[in-house]
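> any chance you can model this:
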Amino acid sequence: MNLAYDELLRYTSAERDKWRRWLTTNPSAMEAPVQPDGRLPTVGRLIDHIFLVERRHLQRLTGDRLSDSTGLTANNVPPLFDYGASVRRELEQYVGELDDDVADQVRTFEVREQQWPMTPRKLLFHILVHEIRHWAQIALAVRLAGFEPPGDHDLFYSKALR
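Numbers count the residues shown, from 1 in each chain. Below is the predicted model:
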C-alpha cells in the first residue's frame, strides 16, 4: 500500500487555500517573526520561500534556468499566493505528463553547489514534504504572535483521498 502523490498534492493545495483565506483576513500575520535576523525573518518571507523552492525544483526537473526570486515583496497575500498557484498549476501539469519510467530514473540535481543523485519522483515528494514542514513552522509562528491559525492541519483531517 502506498500513499499516492496526487493525494499529498491535493492535501498541500488545500492547506495553501486554507492559509490564503486566513491570511487575507489576517494580513498582519505576514509580518509575524519566524527567524528574526535570519534568512527568512517573517511568515511572508517563509511563504515566499516555499513557493520559490517549488518553482526552482520544477525548473530543475524540466531543465530550465533557475529563478533567483519570486520578484514579490512577501507581505502582500494575493500576489504571493497567485504566484504559488501559478507554480502549482505548472507542477500539476508536469506530474500529469510524467512517465513512470522517467520518474524512477536516477538523475543528478545540483543544489547549493552540491550534486545530489535522486529520482524525479523523490524530488517531487521532497517539494511537498518541504512545504508541509514549513506550514507547521508558520502555524507555530502565528500562534506565538497571538493569532489562532486556521483549522486542523494534519493529513488525517484532510479530505484528499486517492
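> pLDDT value on residue 82, please?
Among the per-residue scores, residue 82 shows a pLDDT of 98.
> that one: neighbouring residues, count only.
Counted by other Cβ atoms under 10 Å, the residues lying close to residue 82 total 14. Quick note: C-beta positions are derived from backbone N, CA and C, even for glycine.
> buried set for whatever helix or strand it lives in?
Taking DSSP states H and E as the criterion, the element that holds residue 82 is helix 77-97. Residues of helix 77-97 classed as buried under the neighbour-count rule (16 or more other Cβ atoms under 10 Å) are 77, 80-81, 83-84, 87-88, 91, 95.
> kindly report the same for stretch 10-21.
10-16, 18-20.
> now do stretch 61-74
Neighbour-count burial for stretch 61-74, counted by 16+ other Cβ under 10 Å, picks out 61, 70, 72, 74.
> from those residues, which land in helices?
Among the buried residues of stretch 61-74, the members found in helices (DSSP state H) are residue 61.
> want to try CSV for the buried residues of stretch 61-74, with pLDDT as columns?
Formatted as CSV, those follow (pLDDT from 0 to 100):
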residue, pLDDT
61, 97
70, 96
72, 96
74, 91
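> where do the strands of this protein begin and end?
Remark: strands assigned in the chain by DSSP state E are 107-111, 114-118.
> put the alpha carbons of the last one into CSV.
So that's strand 114-118. Output of strand 114-118 as CSV, limited to C-alpha atoms (Å, rounded to 0.1, in the frame of the first residue of the first chain):
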residue,chain,number,x,y,z
GLN,A,114,26.5,20.1,-4.5
GLN,A,115,25.4,17.2,-6.7
TRP,A,116,22.5,15.1,-5.4
PRO,A,117,21.6,11.8,-7.2
MET,A,118,17.9,11.1,-6.9
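> pLDDT weak spots in the protein?
1-3, 153-162 (pLDDT under 70).
> can you give me the buried ones in the longest helix anywhere in it?
Scanning the chain for the longest helix, with DSSP H as the assignment, gives helix 120-144. Of the residues in helix 120-144, those with enough neighbours to count as buried (16+ other Cβ under 10 Å) are 120-121, 123-125, 127-128, 131-132, 134-135, 138-139, 141-142.
> helices or strands up against it?
Contacting helix 120-144 under the criterion 3 or more Cβ pairs under 8 Å, 6 or more residues apart in numbering; DSSP states H and E are the following elements: helix 5-25, helix 43-62, helix 77-97, helix 100-103.
> residue 36 is nearest to which of those helices?
Across these, the minimum distance to residue 36, taken as Cβ to Cβ, is reached by helix 43-62, at 11.1 Å.
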